[in-house]
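1. Have a look at this prediction, sequence included:
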Amino acid sequence: MMEIYMDGLTKNYGKIHALDSINLKIEGHGCTGLLGPNGAGKTTMLKLATNIIKPSKGKVELNSVDVSVYPERALENVGALIEQPEFYSYLTGYEILEFTAKIKGLTKGEFASEIKRLGDLTEINSFLDRKTGSYSRGMKQRLALSVAMLGNPEIIILDEPTFGLDPKGMVDIRNIIKSLAKDHLVLLSTHLIYEARELCDRTIIINRGKIEYDSAMAPERDLIKITAENNINISGDKIRDYTRNGNVFIIEKNGKVNNADIIAELMEQGLRIDYVEKYDNLEDIYVSVINGKITDNISS
Amino acid sequence: MSKTSTIYFQYIKNYYRSRSFFLMLFLILIIGFMMSYFSVKYVNDLPKFLGGSVFPSSIKVEVFYYLWTLVLLYVPVFASVFFGSPAISSEIENKTAYYIFPLPINRYKLFFGKYFAAFTVTLFIIGLYMVFELVTLTYLLGTIPVTYFLSSFLMLILFILSIMAVTFLISAIFNKNTYAYITVFVIYYIVFEAGAFIIELLYKYTPVYFLNEAGSIIERVYININPGNAFVSHVDINPAPFSDIVLSGMIMIIYTVVALVIGMLLFDRKEVS
């Protein structure tokens, strides 16, 4: 069972509504991305899910256990990386992982195999015997990711995991997340649209403490982008709608239609096609949501 | 191994590698050497300001143990400030809470694991001083007042537990180490010490329910004089009566329990925002 359930989740700081009556259910493996501008409520949601803060109203359940009421039981199959955690500076990376393993209930044998697995995966072997007080930001982030993955928990909650990493580090972490999403429930917060697009099966956009868009509630339209040499009016049964900007056409398919069929139809109409690609409209949706244009997809 | 003991051993490791630990160790060694030096120097000729002309020679052993124990009224306070003041607030200020809070462990286990680790490290530091005391005084005086010493040690443990509990409570209130450090000092030295001083000055009455006054029992088991009671005229060179020991012990237990319960509740509701 892999499930995160939020019911009327609200967090207020005085008069500020950091999170406002969030209802959300995420189940099964895959990566769900939380997108939103700074201060939208993404990190607040993840902090509530990991017992770092308590809800003003509502609840978060992890695998049907309320995090606020039974944190130990709720978090026993969860790994989390929230913000940029620091570690006890007088302990080595190995000691941090060993301590985490004991808290998570791993045996010595399990810990030994986990150290090997995570050492290879997150490339932390070379600095595990150093005290964490001497770690760079990137080293700490890799150690934090290892802490989150230690014991192979079903649910992994990651808050901007690539923050502060060099480009190679970012690619490494994204590859790890892709691999994790195959058999874990990954909840990922990011403010990078391309990261959400690359990693996530489901995207949720949060703004001003509310869910404003959820791809699970309104699956993205199946769009293709065609760059042509000429510019003509097009039509046909296979095209539901299109927009044109110069010689660039964004075409919404009419049901399940092959790209090849649409291209053939358009070429018959006289369109000289240069290039065809799948059009990802997440960026447009994001901008619309943040500007307040999409209001009919609020999760309920 | 239970999660509380895992926390306990982990924080002991973190404490004994810390600069605070080595600073306390250095201080206690200096104090221990100084006390040993002065004991050797004055063993047969106690200066007047230390009561040389007041105490009869028949209670010489008790006098020396009393004087050595005077230090133990203050060392636990310093150790609590070093080890206890940042115990909770540092989790927030240093952002280690982002690592520790999402782990599958109840906060009260975390709280008590840390508390007993800080207690153990403090007891270790104080234990070193007591080794100095026992070695020096056994060498010079040839005897240990076992009953008094054990009573004093038991009261010392209660004093450390209570001052550490109060410190943890204060640490649980703040998110900044500096505020916790300052508040512990202010509470102990302004509220307790100065408060007791003013009450004694105005009313000629010792507020036994203050933690510092209750803690003074660790030396009053030898001679029933509280060096802080400057305005209470009564001086008793006999050991404190059993009823005083029980009362002081009870007061320290109450401080411990109340401070731990409130501190734990505050920690359970602590947020990192």
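-> On my side now, so go ahead.

2. Excluding chain neighbours, what is closest to B:Pro239?
-> Spatial nearest neighbour of B:Pro239, chain neighbours left out: B:Val221 (5.8 Å); criterion: C-beta to C-beta, 6 or more residues apart in numbering or on different chains. All C-beta atoms are positioned from the backbone trio N, CA, C, and that covers glycine.

3. element containing A:Thr32, please.
-> Element membership for A:Thr32 (DSSP states H and E) is strand A:30-35.

4. following that strand, which helix or strand comes up?
-> Downstream of strand A:30-35, the first helix or strand assigned by DSSP H and E is helix A:42-49.

5. got the angle between that following helix and strand A:30-35?
-> Going by axes from the mean of the first three to the mean of the last three C-alpha atoms, to 10 degrees, helix A:42-49 is angled at 130 degrees with respect to strand A:30-35.

6. For the helix or strand that helix A:42-49 is followed by, list every residue counted as buried.
-> Downstream of helix A:42-49, the next assigned helix or strand under DSSP H and E is strand A:57-62. Using 16 or more other C-beta atoms under 10 Å in any protein chain shown as the test for burial, strand A:57-62 gives A:Gly58, A:Val60, A:Glu61, A:Leu62.

7. Go ahead and confirm the third one touches A:Asp7.
-> Yes: at 7.4 Å, A:Glu61 counts as touching A:Asp7 under the criterion of C-beta atoms under 8 Å.

8. pretty sure B:Ile92 contacts B:Ser273?
-> No: with contact defined as C-beta under 8 Å, B:Ile92 does not reach B:Ser273; the gap is 9.3 Å.

9. And the two? Which one has more around it.
-> The neighbour count for B:Ile92 versus B:Ser273, taken as other C-beta atoms under 10 Å in any protein chain shown, is higher for B:Ile92 (20 against 12).

10. Give the partner strands of the strand holding A:Thr32 in its sheet and their orientations.
-> Sheet pairing of strand A:30-35 (DSSP bridges) gives strand A:185-190 (parallel), strand A:202-207 (parallel).

11. right, and the helix or strand after the last one?
-> On the C-terminal side of strand A:202-207, the nearest following helix or strand under DSSP H and E is strand A:210-214.

12. Now do the buried residues in the next helix or strand after that next one.
-> Following strand A:210-214 in sequence order, the next helix or strand is strand A:223-228 (DSSP H and E). Neighbour-count burial for strand A:223-228 flags A:Leu223, A:Ile224, A:Ile226, A:Ala228 (criterion: 16+ other C-beta under 10 Å).

13. And the furthest pair within these?
-> A:Leu223 and A:Ala228 (15.7 Å; C-beta to C-beta).

14. what residues does the stretch 101-250 of chain B put near chain A?
-> Counting by C-beta under 8 Å from any C-beta of the partner chain, the stretch 101-250 of chain B comes close to chain A at B:Phe101, B:Pro102, B:Leu103, B:Pro104, B:Ile105, B:Asn106, B:Arg107.

15. Helices - which of those residues land there?
-> Among these, the members found in helices (DSSP state H) are B:Arg107.

16. check which helix or strand covers whichever residue of the stretch 101-250 of chain A sits closest to chain B.
-> Chain B sits closest to A:Lys102 of the stretch 101-250 of chain A, with a gap of 4.4 Å, by C-beta to the nearest C-beta. A:Lys102 is part of helix A:93-103 when elements are defined by DSSP H and E.

17. Is B:Phe112 in contact with B:Ser2, as I believe?
-> No: with contact defined as C-beta under 8 Å, B:Phe112 does not count as touching B:Ser2 (10.7 Å).

18. Name the residue in these two with the higher neighbour count.
-> B:Phe112 (18 against 10).

19. and the more buried one, what does it touch?
-> Going by C-beta atoms under 8 Å, 6 or more residues apart in numbering or on different chains, B:Phe112 touches B:Thr4, B:Ile7, B:Leu260, B:Met264.

20. which regions of the chain sit below the pLDDT cut-off?
-> Using chain A. Where chain A drops to pLDDT under 70, the residues are A:218-221, A:280, A:292-300.

21. My question was about chain B, not that one.
-> For chain B, the stretches with pLDDT under 70 are B:1, B:49-53, B:227-235.

22. Up against chain B, what does the stretch 101-250 of chain A have?
-> Going by C-beta under 8 Å from any C-beta, the residues of the stretch 101-250 of chain A near chain B are A:Lys102, A:Ile103, A:Lys104, A:Gly105, A:Ala144, A:Val147, A:Ile157.

23. same thing but at 10 Å, please
-> Residues of the stretch 101-250 of chain A lying near chain B by C-beta under 10 Å from any C-beta of the partner chain: A:101-105, A:131-133, A:140, A:143-144, A:147-148, A:150-151, A:153, A:157, A:159.

24. Would you mind writing the ChimeraX command to select the buried ones in the residues you listed?
-> Remark: buried members of these, expressed as a ChimeraX selection using 16+ other C-beta under 10 Å:
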select /A:101,102,103,104,131,132,140,143,144,147,148,150,151,153,157,159
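
25. before we move on, back to that, between the buried residues of strand A:223-228, which is closest to B:Ser248?
-> Nearest to B:Ser248 among these: A:Leu223, at 79.5 Å, using C-beta to C-beta.

26. beta partners for that closest one?
-> Beta bridges link A:Leu223 to A:Glu252, judged by DSSP bridges.

27. Could you figure out how far the following helix or strand past the helix holding A:Lys102 is turned away from helix A:93-103?
-> Using DSSP H and E, the helix or strand that follows helix A:93-103 towards the C-terminus is helix A:108-122. Inter-element angle recorded for helix A:108-122 and helix A:93-103: 130 degrees (by the same axes, to 10 degrees).

28. I'd like the next helix or strand past helix A:108-122.
-> The helix or strand immediately downstream of helix A:108-122 is helix A:137-149, counting by DSSP H and E.

29. Sheet-wise, list the partners of the next helix or strand after that following helix with their directions.
-> Next in sequence after helix A:137-149, counting helices and strands by DSSP H and E, comes strand A:155-159. Taking DSSP bridges as the criterion, strand A:155-159 forms sheet pairs with strand A:78-81 (parallel), strand A:185-190 (parallel).
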